[in-house]
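Visitor: next come a sequence and a model predicted from it.
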Protein chains: 2
Amino acid sequence: MFSVAESDPAFAGEKAEAAEARLRTALLKAQYARLSQARRSLLIVIAGIDGVGKGASISLLNEWMDARHIRTLAFGEPTRQEQSHPFLWRYWRNLPAKGNTGIVFGSWYGPLLAEAARKNPDQEKIQSLAHATREFESTLASNGVQIVKLWYHLSQQAQKKRTAELLSDPDTAWQVRPEDIKAGKKFERLRNAAALAISLTHGEHAPWRVIPAADPDMRAISTGQAVLAALRETNRLPSVPILDTSLIAATPRPPSLQTLDYTAKLTDDEYDEQLAHWQSRLARLTQHGKLQDTPVVLVFEGQDAAGKGGTIRRITHALDARQFRAIPISAPTDEELAHPYLWRFWRDLPPHGNIAIFDRSWYGRVLVERVEKYASAAQWQPAYQEINQFESQLQDSGALVLKFWLAITKDEQLKRFHEREESPFKSFKITPEDWRNRKKWDAYVQAANDMFEQTSTRDCPWHLVSANDKRHARIAVLERIVNTLEKASKGKKKP
Amino acid sequence: MFSVAESDPAFAGEKAEAAEARLRTALLKAQYARLSQARRSLLIVIAGIDGVGKGASISLLNEWMDARHIRTLAFGEPTRQEQSHPFLWRYWRNLPAKGNTGIVFGSWYGPLLAEAARKNPDQEKIQSLAHATREFESTLASNGVQIVKLWYHLSQQAQKKRTAELLSDPDTAWQVRPEDIKAGKKFERLRNAAALAISLTHGEHAPWRVIPAADPDMRAISTGQAVLAALRETNRLPSVPILDTSLIAATPRPPSLQTLDYTAKLTDDEYDEQLAHWQSRLARLTQHGKLQDTPVVLVFEGQDAAGKGGTIRRITHALDARQFRAIPISAPTDEELAHPYLWRFWRDLPPHGNIAIFDRSWYGRVLVERVEKYASAAQWQPAYQEINQFESQLQDSGALVLKFWLAITKDEQLKRFHEREESPFKSFKITPEDWRNRKKWDAYVQAANDMFEQTSTRDCPWHLVSANDKRHARIAVLERIVNTLEKASKGKKKP
């Protein structure tokens, strides 16, 4: 892997200057072409053993290209806020918009490289970190984010020489950071770790490029050339996502809208009694503090007029306003459209001890976007897998994820549409769009059933709730939430 | 103030139902009218002694209005991240967009009410908190955010009765929070504190409305009516901001572009030597950790082609990429236009120990927006004052704020424009817009000089730097930054 770089190739001064000038012009041209198309964003991952000039290369790209459309995304140790979210959260939040370029320093490779560089590395952990990285990069690549990863490398001898030279002058000594000296001492181990990490995560959709870093001109020009090649590569098809069937179809029999029993009913008295009972249990559970380290994510989907809003209000009624956020999902804004579809949901994830209630969700990708053809098959088909991975990442980070489909029959929907039209303060809830969607009832049922089949996983199953009787649906949902939270809080100590 | 509420008025059941139905229809109509105009957002502040049904009122507004366009902004104790920013940061960040409604629970009144309710309140602190509140609300009001503040009140007797009733049933006992019981015990003190806080912060642009809270129907209908009145009030002119001349014109003589000496120059050798010297001092200063609790804000303004980008790169070259963010400010996005102009800058404020470098800034309001008439005089004139307050809030929270104007002469600009046009990798920096702006040279000089006069404050003066010689400008800026940081780090211990 490092064979070329190992020889520490250098550039002759004169030749470099001319090459640089050509490269800068070409880089700017390529950058503007991407900006005007705004089809994909570019993430440049900057990695390499410390003390090889990574920082200088970032400055260089900012100088050579139009810095107003580049964002340097530099990450250090995770902050407290970042620690309370899945590991990839901070990278998701900071993705550049389509057309733009992000330079990532302190990337998601940190844990993998650290584990691989240990004296006795845990092979299973390495495989699992590499797997998570491939999943992440694959999801980005199939959603408009191009990735190129630059590994800066020089021989141990050259690293030592560079450090010594910088240290010899008080005006340049500051360029040598303590971690550079540390890196020099365990050079061999770091080098082998890098080779392993690179081989496990090199893919066509997110390639590694090794940059010879000993000679500053060579380093600069190689960096520029790698970025130029990436910028010019605009026509590549998105990668086929890595298939991981271990998550899918693990429930014995995925639920379906046709086989659901729609007759369940509660009387007014039963409802009032049970509502008070379950709300009171929910309130006590969320008040007592045992779940204060647990983020909770509730997802509500269902046909139009199935009663999602009313059900959500029965839940929030038992919660402290500071404890939850209800997030209605409607058509994406321009900013959201310029990012992968999952981006906006990553931004809305709840911190520890908080409850996020999604009124519609990321499942829009395989429901409305599929049926209305806002997304192509090449876009919505990989989404099942991407969504399973997303929810699995949430759960791995300690979150509880519960997803409900409130199901009504076609006749019941018609009745409710008419009721809404006749009520002075419900008529706003019914629009021509609702009637248009109703015409595609069967297509939506098909999309929902496919979705249950592909995303009702062992750890995160779909809960189908008959909502022809609103009272029944509300109680069924409350009961499920309370039981899940109670199970999760068992064994947890009140802090 | 509380005289009507003190009598705990109630609604007869039948009458209430009819009033409610009318109110809901009217609220929806008014909400949609605002949404379609999208001229102003509405902030509803919910306040009152604990245990008077504030939470229920928030649920109610979400039920009566279209909840998709309402966001409940509930704040508890500040998080660690929030603590590392000015107190108002979290409120700024969460402002609703024009047309939308935000319901604020746990508002900026917390500290003022807490101080006023102490046994021996600090009168000076109360005045200063009330002053900060008036400033904040005035800035919002003159920038498209309408504010209405609801104070929920009931008599001590009614509060006691309500608490006892709820506690008597195990299914409703959870509705009584520990703070409600606490509030009941020092009711008189809280009531007087509220009366004081309200009288100090009641203004035409951000009025308080007292809601009688004893009877649920009365409470609901009064809430709805107060919100309805606010929603309907769309034609009011923005308030005149509170003038506070203590901040302005405190420098002996504000700088001016005409009186600046443009002849300062450095030779190549002097430049190389001084650059290495100051960069090395800057690097050591930011590495040694004494400033790790101090956010730093650097602002760069100046004529087109004055060399802001090059100067910024000479600074960032000495910094760790994880330590700073360079923020180029261009035309606002749709989302930014839907918020007060300062909103996007609040979002970009650096956390502790970080440096935010603004390449153009909030001063655009009184420069390009004034000259190009994007903002009316009624909009840009109050901005001087608002900006002084903004910077003063940053400094009060511990931030260092330094602002530079890189100044070139008209002839020098012409020379640089031509150079840029001729260079293959600089021509992107020159656009027809630059030539158009150049034609308004005198208007921009006038705007800049007015700005220096109005915003060069004692604590946050403008630094005008002659940039006809780029080398001189870079060194002058670096030197000023290093000296300021060195002064700030003196006496601070390395953690």
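Guide: Alright, I've got the coordinates.
Visitor: please, which helix or strand holds the spatially most central residue of chain A?
Guide: Centroid-nearest residue in chain A, with Cα atoms, centre = their mean: A:Trp92, separated by 4.9 Å. Element membership of A:Trp92, judged by DSSP states H and E, is helix A:89-93.
Visitor: tell me what whatever helix or strand comes next after that helix is packed against?
Guide: Under the assignment DSSP H and E, the closest C-terminal helix or strand after helix A:89-93 is strand A:101-105. Strand A:101-105 sits against strand A:41-48, helix A:54-64, strand A:70-74, with contacts defined as 3 or more Cβ pairs under 8 Å, 6 or more residues apart in numbering or on different chains; DSSP states H and E. All C-beta spots, glycine's among them, are computed from the backbone N, C-alpha and C.
Visitor: what's next to the second one, contact-wise?
Guide: The reference is to helix A:54-64. Helix A:54-64 has contacts (Cβ atoms under 8 Å, 6 or more residues apart in numbering or on different chains) with A:23-24, A:27-28, A:44, A:46-48, A:70, A:72, A:103, A:105, A:150, A:152, A:211, A:216, A:219-220, A:223-224, A:227, B:313, B:316-317, B:320-321, B:326, B:425.
Visitor: likewise the first one?
Guide: With Cβ under 8 Å, 6+ apart as the test, strand A:41-48 has contacts from A:34, A:54, A:57-58, A:61, A:95-105, A:107, A:109, A:113, A:140, A:144-153, A:194, A:211, A:213, A:227, A:230-231, A:338-339.
Visitor: dump the residue contacts of A:Ala158.
Guide: Counting by Cβ under 8 Å, 6+ apart, A:Ala158 has contacts A:Asp8, A:Ala213, A:Ala214.
Visitor: just how off-centre is stretch A:327-340 within its chain?
Guide: 14 Å (Cα atoms, centre = their mean, to the nearest Å).
Visitor: in that stretch, what's buried?
Guide: Going by neighbour count (16 or more other Cβ atoms under 10 Å in any protein chain shown), the buried part of stretch A:327-340 is A:Ile327, A:Pro328, A:Ile329, A:Pro332, A:Ala338, A:His339, A:Pro340.
Visitor: CA atoms of that stretch as CSV?
Guide: Extracted C-alpha coordinates of stretch A:327-340, given in CSV (Å, rounded to 0.1, in the frame of the first residue of the first chain):
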residue,chain,number,x,y,z
ILE,A,327,-41.6,16.8,15.5
PRO,A,328,-44.1,17.0,12.7
ILE,A,329,-42.4,15.9,9.4
SER,A,330,-43.6,17.6,6.3
ALA,A,331,-42.1,18.2,2.9
PRO,A,332,-38.3,18.8,3.1
THR,A,333,-37.0,22.4,2.9
ASP,A,334,-34.4,23.4,0.3
GLU,A,335,-31.7,22.9,2.9
GLU,A,336,-32.9,19.4,3.7
LEU,A,337,-33.2,18.5,0.0
ALA,A,338,-29.5,19.4,-0.4
HIS,A,339,-28.5,16.7,2.1
PRO,A,340,-29.1,12.9,2.4
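Visitor: how about that stretch and chain B, any contact?
Guide: Yes - Stretch A:327-340 is in contact with chain B by Cβ under 8 Å from any Cβ of the partner chain, via A:Pro328, A:Ser330, A:Thr333, A:Asp334, A:Glu335.
Visitor: filter those residues down to just the ones in helices.
Guide: Among the residues of stretch A:327-340 next to chain B, DSSP state H puts A:Asp334, A:Glu335 in helices.
Visitor: and the helices in the stretch 351-495 of chain A?
Guide: Taking DSSP state H, counting those that start in this stretch as the test, the helices found in the stretch 351-495 of chain A are A:368-371, A:377-396, A:410-422, A:432-439, A:441-455, A:470-489.
Visitor: ah, wrong one, I meant the stretch 51-200 of chain A
Guide: Taking DSSP H, counting those that start in this stretch, the helices of the stretch 51-200 of chain A run over residues A:54-64, A:80-83, A:89-93, A:110-116, A:123-141, A:156-168, A:178-185, A:187-201.
Visitor: would CSV of those with mean pLDDT be doable?
Guide: CSV is the format used below for the helices of the stretch 51-200 of chain A (pLDDT from 0 to 100):
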stretch, mean pLDDT
helix A:54-64, 89
helix A:80-83, 82
helix A:89-93, 93
helix A:110-116, 94
helix A:123-141, 94
helix A:156-168, 88
helix A:178-185, 81
helix A:187-201, 92
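Visitor: low-confidence ranges, the stretch 151-300 of chain A, go.
Guide: The stretch 151-300 of chain A contains residues with pLDDT under 70 at A:234-252.
Visitor: just how off-centre is the longest helix seen in chain A within its chain?
Guide: The residue-count maximum for a helix in chain A (DSSP H) belongs to helix A:13-37. Offset of helix A:13-37 from its chain centre (Cα atoms, centre = their mean): 32 Å.
Visitor: what mean pLDDT does that helix get?
Guide: Across helix A:13-37, pLDDT averages out at 88.
Visitor: about what we covered before: need the max-distance pair from the residues of stretch A:327-340 next to chain B.
Guide: A:Pro328 and A:Asp334 (18.3 Å; Cβ to Cβ).
Visitor: near chain B, which residues of the stretch 351-495 of chain A? Just list them.
Guide: With Cβ under 8 Å from any Cβ as the criterion, the stretch 351-495 of chain A comes near chain B at residues A:Pro351, A:Asp359, A:Pro424, A:Phe425, A:Phe428, A:Lys429.
Visitor: in PyMOL, select just the buried ones from those.
Guide: Restricted to buried positions by 16+ other Cβ under 10 Å, the PyMOL selection for those reads:
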select buried, chain A and resi 359+425+428+429
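Visitor: domain-wise, how is chain A divided?
Guide: Domain ranges of chain A: A:3-232, A:268-489, per automatic domain parsing.
Visitor: buried ones among the contacts of strand A:41-48?
Guide: Using 16+ other Cβ under 10 Å as the burial test, these include A:34, A:54, A:57-58, A:61, A:95-105, A:107, A:109, A:113, A:140, A:144-153, A:194, A:211, A:213, A:227, A:230-231, A:338-339 as buried.
Visitor: surely A:Arg420 meets A:Gly309?
Guide: No - under the contact definition of Cβ atoms under 8 Å, A:Arg420 does not touch A:Gly309, with a separation of 11.8 Å.
Visitor: tell me the secondary structure of A:Ala229, please.
Guide: helix (DSSP: H, G, I helix; E, B strand; the rest coil).
Visitor: circling back to that earlier point, and the residues of the stretch 351-495 of chain A next to chain B, which two are furthest apart?
Guide: A:Pro351 and A:Pro424 (39.5 Å).
Visitor: do you know how far A:Lys373 is from B:Ile315?
Guide: Going from A:Lys373 to B:Ile315 by Cβ to Cβ, to the nearest Å gives 50 Å.
Visitor: if you count surrounding residues, which of those two has more?
Guide: Neighbour count, other Cβ atoms under 10 Å in any protein chain shown: between A:Lys373 and B:Ile315, B:Ile315 has more, with 22 against 10.
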